[in-house]
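1. A predicted structure for the sequence below; I have some questions about it.
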Amino acid sequence: MKGLRYLAESSSSLGLSQRQLEQFLDAVWLGDGLAQNTLASYRNDLQVWAGWLAAERDRSLLQASRDDVQAFLARQARDLKTATLARRIASLRRFYRHQLQSGQLELDPLAELQAPKRVRPLPKVLSEAMVSALLDAPDLNTAAGLRDRAMFELMYACGLRVSELVGLSLAQIHLREQFVQVLAGKGGKQRLVPMGELAAEAVQRYLDTARAELLAGRTEALLFVNQRGEPLTRQGMWFIIKQYAARVGIPAQSLSPHVLRHAFATHLLEHGADLRALQMLLGHADISTTQIYTHVAQERLKKLHREHHPRG
């Protein structure tokens, strides 16, 4: 990233900014229990901003003016996509609002700044036939295949994020009652999600034989493990999905790490699910995030109409 070159600049302003940044991250981590990915985004965005301030204006984060912010964002807009620029502005807003609330600042340098409008792309969603092909792809005669089938069934049945899936512990799975306790963020927010009979059966088969075979005598609190008996990572899960998708002929452009989560949401809506109930199942804080799936469903209906109606 071009902005990271500013971090090489050594100055007292940059050192002061770094201390201000760390204090901010500690405060929001303790106060809000933010996920590590969110904290990493804040850190990256604010380090780029602090580096630019030190190199171009010889100022620390708390010395920035509105003119500084506008000049920085004008420069960033040349290199960044709209979504990335919007996220960077959001990081700066969060930092300076925190400084105002804590009494470190009297004026917000981002006051009245208009962020660029972000056009959110519709998620790619697999058809129900494609999902069935993906779920049926693992070889149930192998330990890895039993694990993969259990992962796919659970993700599709519960609408889990990849990070939530690989972070599941044995204690969060309740097979008799057929629900999962999903935790998001540090110590975080809990939601209870029903898993259904097929997913419960797949997880039970995995637990009966395959998991012990993969662990080979080791102990592990997390539910899903790799071939070495270690906790499965997000990258490992994504690699597994891509392998099976290629095997059953799912186009690469239809794939994303959350492909089964998106399918879960869209298919529920298509079968009449309530939007508020779906919001709770997905763990969305804002209903507007869930509403994107209504647009996906509408686009799919339009496509079906165009393809099959005699006057489409």
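-> Nice, I can see it.
2. where does the stretch 1-150 of the chain have low pLDDT?
-> 1-13, 33, 114-122 (pLDDT under 70).
3. correction: the stretch 151-300 of the chain
-> For the stretch 151-300 of the chain (pLDDT under 70), the answer is 185-188, 295-300.
4. how about the strands of it, start to end?
-> 173-174, 179-184, 189-194 (DSSP state E, counting those that start in this stretch).
5. which one of the ones you listed is the most hemmed in?
-> The highest average neighbour count among the strands of the stretch 151-300 of the chain, using mean count of other Cβ atoms under 10 Å, belongs to strand 179-184 at a mean of 18. C-beta here means a position set from N, CA and C on the backbone, and glycine is covered the same way.
6. just checking, what packs against that one?
-> The contact analysis (3 or more Cβ pairs under 8 Å, 6 or more residues apart in numbering; DSSP states H and E) places strand 179-184 against helix 143-158, helix 162-166, strand 173-174, strand 189-194.
7. which of the strands of the stretch 151-300 of the chain sits closest to residue 98?
-> strand 189-194 (20.6 Å; Cβ to Cβ).
8. picking up where we left off before, would JSON lines of the strands of the stretch 151-300 of the chain with distance to residue 280 be doable?
-> Conversion of the strands of the stretch 151-300 of the chain to JSON lines gives the following (distance: least, Cβ to Cβ, whole Å):
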{"stretch": "strand 173-174", "distance to residue 280": "18"}
{"stretch": "strand 179-184", "distance to residue 280": "11"}
{"stretch": "strand 189-194", "distance to residue 280": "7"}
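9. quick one: closest of those to residue 211.
-> strand 173-174 (11.4 Å).
10. ok, and what's touching the closest one?
-> 180, 181, 203, 223 (Cβ atoms under 8 Å, 6 or more residues apart in numbering).
11. most widely separated two among those?
-> Among the contacts of strand 173-174, 181 and 203 lie farthest apart (Cβ to Cβ), at 13.7 Å.
12. just to revisit the earlier point, so which of the strands of the stretch 151-300 of the chain is nearest residue 25?
-> Between those, strand 179-184 lies closest to residue 25; by Cβ to Cβ that is 18.9 Å.
13. what residues does the closest one touch?
-> Contacts of strand 179-184 (Cβ under 8 Å, 6+ apart): 35, 154, 158, 160-161, 164, 167-168, 171-174, 189-195, 283.
14. how about the strands of the stretch 151-300 of the chain, which one is nearest residue 90?
-> So among the strands of the stretch 151-300 of the chain, strand 179-184 is nearest, using Cβ to Cβ, at 19.0 Å.
15. what pairs with that closest one, parallel or antiparallel?
-> Here strand 179-184 is paired, per DSSP bridges, with strand 173-174 (antiparallel), strand 189-194 (antiparallel).
16. using CSV, write out every CA atom in that strand.
-> Output of strand 179-184 as CSV, limited to C-alpha atoms (Å, rounded to 0.1, in the frame of the first residue of the first chain):
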residue,chain,number,x,y,z
PHE,A,179,-29.0,-25.7,18.5
VAL,A,180,-25.7,-23.9,18.5
GLN,A,181,-24.5,-21.1,20.8
VAL,A,182,-22.7,-18.7,18.5
LEU,A,183,-20.3,-16.1,20.0
ALA,A,184,-19.1,-13.1,18.1
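17. mind listing what's buried in stretch 17-32?
-> 17, 18, 20, 21, 24, 25, 28, 29 (16 or more other Cβ atoms under 10 Å).
18. what would the residues you listed look like in a markdown table with secondary structure and distance to residue 245?
-> Shown next, in a markdown table, are these (DSSP: H, G, I helix; E, B strand; the rest coil; distance: Cβ to Cβ, whole Å):
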| residue | secondary structure | distance to residue 245 |
| --- | --- | --- |
| 17 | helix | 44 |
| 18 | helix | 43 |
| 20 | helix | 45 |
| 21 | helix | 40 |
| 24 | helix | 40 |
| 25 | helix | 37 |
| 28 | helix | 37 |
| 29 | helix | 36 |
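19. how about those in TSV, adding distance to residue 258?
-> As requested, the buried residues of stretch 17-32 are arranged in TSV below (distance: Cβ to Cβ, whole Å):
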residue	distance to residue 258
17	35
18	34
20	35
21	30
24	29
25	26
28	25
29	25
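20. of all pairs in those residues, which one is the farthest apart?
-> 17 and 29 (18.3 Å).
21. surely residue 169 meets residue 221?
-> Yes. Shown here, residue 169 and residue 221 form a contact pair, counting by Cβ atoms under 8 Å, at 5.1 Å.
22. that's all I had, so thanks and see you.
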